[in-house]
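In: Show me the folded form of this:
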Amino acid sequence: MAETSGFADTNILALHMGDGLIADRASAWFFVIAVIGVGIAAWYARSDLNKQAVPTAAAVCALVFALQVVDVPVLPDVSGHVVGGALAAIVLGPFVGAVALTIVLVVQAFVFADGGLSAVGANVTNMVLVAVAAGFLAATALRALCEHRGMRPFASLGLASFVGGFVSVLAAVTGFVVEFALGGTSTVPMSNIGFLYATHIPIGVVEGLVTVAVVLAVARVSPESVYLTRLPPNPLDADTSPAPPPRPRARGTLFVGLAVASLAIAGLLGPLAVDTPGALEVATARGCEIDVQSADELTGECMARGVEEHRLADSALADYTIAGRPGSTGVAAALGALGTFVLASVGFRALVPRPATTVGTAKTAPRRMPTA
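Out: As a prediction, this is how the structure comes out:
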């Protein structure tokens, strides 16, 4: 959930960058990078999608949205939430997973005022492109190593999922550090960078545990639905025969389970999220002071000095509430999960390749010659 900084009425979110944290020119460049990266992912995702896989992929997308709503305490007065990059990549594949996580970030930014509008490209770059790639590569490499050492497939999948989730968080933090170093609007105190990594280590542990729980649950219900298990541990010894498609009954059970879990997490756990500031907020706001004269500007040697109020802070569902009403977080989050599912369904369905039409196969009745 979005939290308001204690220094000023600005939102600096856990791993979600706010408006003004980096310069406009840098934001534009990262937007271009994000568009290119997600465009490539969407193109390659076409080979991993079909009509039958769309509902499950959309349900995973909704689950990631619901998980990101729930902030949990990781340190005293510091909270964090699941990113879901490794989770989506392991279950759906890196390309479909990247598209899914992008949909989540777009919904959060434009509907719930979670993450700055000018920072959408930067957030997609570090939380999607960097996190998904790093998490999936780490999980793939570790799974191959574990199975080469004789570890049981289910155990190796669990260990790979944990490490993938943990690595994805630290990779996203590194992406943010690079982005801020290239386009930050203020100086970069090294103590803040160190504190940023330190606060995200427990978040990475939480990310790993949640990734393990979800991936193993999906593998129990429908092993064929986990993308990582369909890959050979050793590509050189790969069997060229195609992987068996998920069983229809197992696929249906998995879809229902994911849908119920998404709504339950969003509607029931969302309101229980802690109100403490996110790790990125705490780290970037260290050293900030309120300007005595303006009373609404930040001064001092801190990274968040240029952060601005979200442009949609007064929207109907901002801060995961309905018109700011107390106690409406569960309903707003459930609506967000449902809306994310619908948007993802439409998007994934548009990526499904259309069957090629064969020309000249249709039979036509012979034309009769006119009689005199």
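
In: mind listing what's buried in stretch 197-214?
Out: 199-200, 202-208, 210-212, 214 (16 or more other C-beta atoms under 10 Å). C-beta here means a position set from N, CA and C on the backbone, and glycine is covered the same way.

In: which one among the residues you listed gets closest to residue 90?
Out: residue 211 (7.1 Å; C-beta to C-beta).

In: Where does that closest one fall, secondary structure wise?
Out: Using DSSP states H and E, residue 211 maps to helix 190-221.

In: Show me what that helix is packed against.
Out: For helix 190-221, the packing partners by 3 or more C-beta pairs under 8 Å, 6 or more residues apart in numbering; DSSP states H and E come out as strand 72-75, strand 78-80, helix 85-92, helix 153-183, helix 248-264, helix 279-285.

In: Let me know which of the ones you listed is tucked in deepest.
Out: Of all these, helix 85-92 has the most neighbours on average by mean count of other C-beta atoms under 10 Å, namely a mean of 32.

In: now that one and helix 248-264, what's the angle there?
Out: Our comparison of helix 85-92 with helix 248-264, counting by axes from the mean of the first three to the mean of the last three C-alpha atoms, to 10 degrees, yields an angle of 160 degrees.

In: Could you tell me the angle between helix 85-92 and helix 190-221?
Out: 20 degrees.

In: Check which helices and strands helix 85-92 sits against.
Out: Against helix 85-92 (3+ C-beta pairs under 8 Å, 6+ apart) you get helix 54-69, helix 94-111, helix 131-148, helix 153-183, helix 190-221.

In: So what's the gap between the helix or strand where residue 30 lies and the chain middle?
Out: Here residue 30, judged by DSSP H and E, is contained in helix 24-45. Between the centre of helix 24-45 and the centre of its chain there are 15 Å (C-alpha atoms, centre = their mean, to the nearest Å).

In: got the contact list for that helix?
Out: 22, 93-96, 98-99, 102, 118-122, 124-125, 128-129, 179, 182-184, 348, 351 (C-beta atoms under 8 Å, 6 or more residues apart in numbering).

In: Report the buried residues of it.
Out: Buried residues in helix 24-45, defined by neighbour count with 16+ other C-beta under 10 Å: 26-27, 29-31, 33-34, 37-38, 41-42, 45.

In: for the stretch 1-150 of the chain, which spans come out with low pLDDT?
Out: Applying pLDDT under 70 to the stretch 1-150 of the chain picks out residues 1-15.

In: And the residue nearest to residue 353 when sequence neighbours are not counted, how close does it get to residue 100?
Out: By the measure of C-beta to C-beta, 6 or more residues apart in numbering, the closest residue to residue 353 outside its immediate chain neighbours is residue 46, 5.3 Å from it. Distance of residue 46 to residue 100, given as C-beta to C-beta, to the nearest Å: 14 Å.

In: Of these two, give the one with the bigger neighbour count.
Out: A count of neighbours by other C-beta atoms under 10 Å puts residue 100 above the other of residue 46 and residue 100, at 33 against 15.

In: how about the more buried one, what does it touch?
Out: Contacts of residue 100 (C-beta under 8 Å, 6+ apart): 57, 60-61, 64, 88, 92, 344.

In: Just give me the closest of the residues you listed to residue 303.
Out: residue 64 (26.9 Å).

In: Roughly how far does the closest residue to that closest one other than its chain neighbours sit from residue 248?
Out: Excluding the flanking residues, the one nearest residue 64 by C-beta to C-beta, 6+ apart is residue 84, at 3.6 Å. Between residue 84 and residue 248 the distance is 26 Å, computed by C-beta to C-beta.

In: so residue 108 touches residue 16, yeah?
Out: Yes - using C-beta atoms under 8 Å, residue 108 is in contact with residue 16, at 7.2 Å.

In: who's more crowded, those two?
Out: residue 16 (27 against 23).

In: Excluding chain neighbours, what is closest to that one?
Out: residue 115 (3.7 Å).

In: so how far is residue 127 from that neighbour?
Out: The spacing between residue 115 and residue 127, counted by C-beta to C-beta, is 9 Å.
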